[in-house]
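> pasting a predicted model and its sequence here:
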Amino acid sequence: MAFVQILLFLALGLFLRRFDWLSKRLLPVLIQTVLWVCIPALALLKLPVLQLTPATLFPALLAWLIFAGAFVLSQLGVKRGKLSQASATCLSLTMGLGNTSFVGFPLISALLGSQALPPALIMDQAGSFLILGTWGLLCLAQAAGTQPSAREMLFKLLGFPPFLAFSAGLLMWSLGLSLQRPLQSGATFLAGFLAPLALTAVGLQLNFRPEPGLNRLLALGLGYKLLLAPAGSLLLCLSLGLPSELTRVCVLEAGMGPMITSALMAAAAGLHPSLATRMVGLGVPLSLLSVPLWWGLLQFI
């Protein structure tokens, strides 16, 4: 039933996209509501009661390893003359960073249950978002020929509400505090809007129109994001003997489609915008098929 709801909200976004005057005004509102309200509420609700161990911090490390692999692979393409620096940076940001929140949280909740959200939240905030705010910004600066200062990157992190809520949640955990009623009820209510609003926002941005000359780059980017990253994550988790529930979260989050925010940043910087938008436009719908397939495979392992 939850998976059907995911498809319905994506379809709602696609339908609303037909009304250009509405979609342009609605999309920023949905994104800001998710970033400023829903994800912070989820962080403050889940993180203070999380049982943190080296194993539960592993999802964040895994996100960094996946991005490192994407970065190395794309730079090899540059050195061999197969990729321009613009295309390589675009691929690093889109195949190296997954949609671990907007699509990841609803899918993880639907396939594994809400108890699997805390490690997914860690992978998103201490992994995907922190990478985008540090290494990702350096990649963009390198492609643009500039170099952001540590102060500029720090201000960007401190100005991002999910990161502030993530930090507050960890602080509450360290002090043994958690939300009490009615704050707990309020946070639960607000976090409940995450999936419908986020998925509608994704639907508003999907683009299925083909463009000549992108097939090879799309095959590389989506092959890495949807196949190689989760397969490598599975092998690593099994070799380390991680708990089965944590392994499932890591593999499924590793196989989520490209991050929308990083794709938008690449496009805004002029780094092969058509590739960036199509990585998301194809990758997100395909991940709705590939992630359940990975979930089915994990049932036998």
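Here it is on my side, so go on.

> make it CA atoms for all contacts and neighbour counts henceforth
Fine.

> what's the neighbour count on the nearest residue to Ala276 once chain neighbours are set aside?
Of all residues not flanking Ala276 in the chain, Ala263 sits nearest, at 5.0 Å (CA to CA, 6 or more residues apart in numbering). By the criterion of other CA atoms under 10 Å, Ala263 has 28 neighbours.

> distance of Ala263 from Leu240?
For Ala263, the distance to Leu240 (CA to CA, to the nearest Å) stands at 32 Å.

> just Leu35 next, same as before
34 Å.

> next: Ile260.
Ile260 is 31 Å from Leu240, by CA to CA.

> now Trp21
51 Å.

> repeat for Leu252
To Leu240, Leu252 is 17 Å away according to CA to CA.

> out of those two, which sits in the busier spot?
The neighbour comparison of Leu252 against Leu240 (other CA under 10 Å) goes to Leu252, with 30 against 11.

> list the contacts for the more buried one?
108, 230, 291, 294-295 (CA atoms under 8 Å, 6 or more residues apart in numbering).

> include pLDDT, secondary structure and distance to Leu275 when you put those residues into a markdown table, please.
Below are the contacts of Leu252 laid out as a markdown table (pLDDT from 0 to 100; DSSP: H, G, I helix; E, B strand; the rest coil; distance: CA to CA, whole Å):
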| residue | pLDDT | secondary structure | distance to Leu275 |
| --- | --- | --- | --- |
| Ile108 | 91 | helix | 27 |
| Pro230 | 97 | helix | 22 |
| Val291 | 94 | helix | 22 |
| Trp294 | 96 | helix | 25 |
| Trp295 | 95 | helix | 28 |
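
> looking at those residues, which is nearest Gly283?
Val291 (11.2 Å; CA to CA).

> any idea which element Ser287 lies in?
helix 273-298 (DSSP states H and E).

> pull out the buried residues from that helix.
273, 275-285, 287-288, 290-292, 294-295, 298 (16 or more other CA atoms under 10 Å).

> the strands in the stretch 201-301 of the chain, which residues?
Secondary structure of the stretch 201-301 of the chain by DSSP state E, counting those that start in this stretch: no strands are present.

> low-confidence ranges, it, go.
207-208, 210 (pLDDT under 70).

> mind running it again at 50?
Under the criterion pLDDT under 50, no range of the stretch 201-301 of the chain is flagged.

> got the CA positions of stretch 86-103 in CSV?
This file holds the C-alpha atoms of stretch 86-103, laid out as CSV (Å, rounded to 0.1, in the frame of the first residue of the first chain):
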residue,chain,number,x,y,z
ALA,A,86,32.1,19.8,-16.8
SER,A,87,30.6,16.4,-17.6
ALA,A,88,32.9,14.6,-15.1
THR,A,89,31.9,17.0,-12.3
CYS,A,90,28.2,16.7,-13.2
LEU,A,91,28.5,12.9,-13.1
SER,A,92,30.4,13.0,-9.8
LEU,A,93,27.6,15.0,-8.2
THR,A,94,24.7,13.0,-9.7
MET,A,95,26.0,9.4,-9.6
GLY,A,96,27.9,9.9,-6.4
LEU,A,97,25.1,11.4,-4.3
GLY,A,98,21.8,9.6,-3.9
ASN,A,99,18.3,10.9,-3.3
THR,A,100,18.5,9.5,0.3
SER,A,101,15.8,11.8,1.7
PHE,A,102,13.2,12.9,-0.8
VAL,A,103,12.8,9.4,-2.3
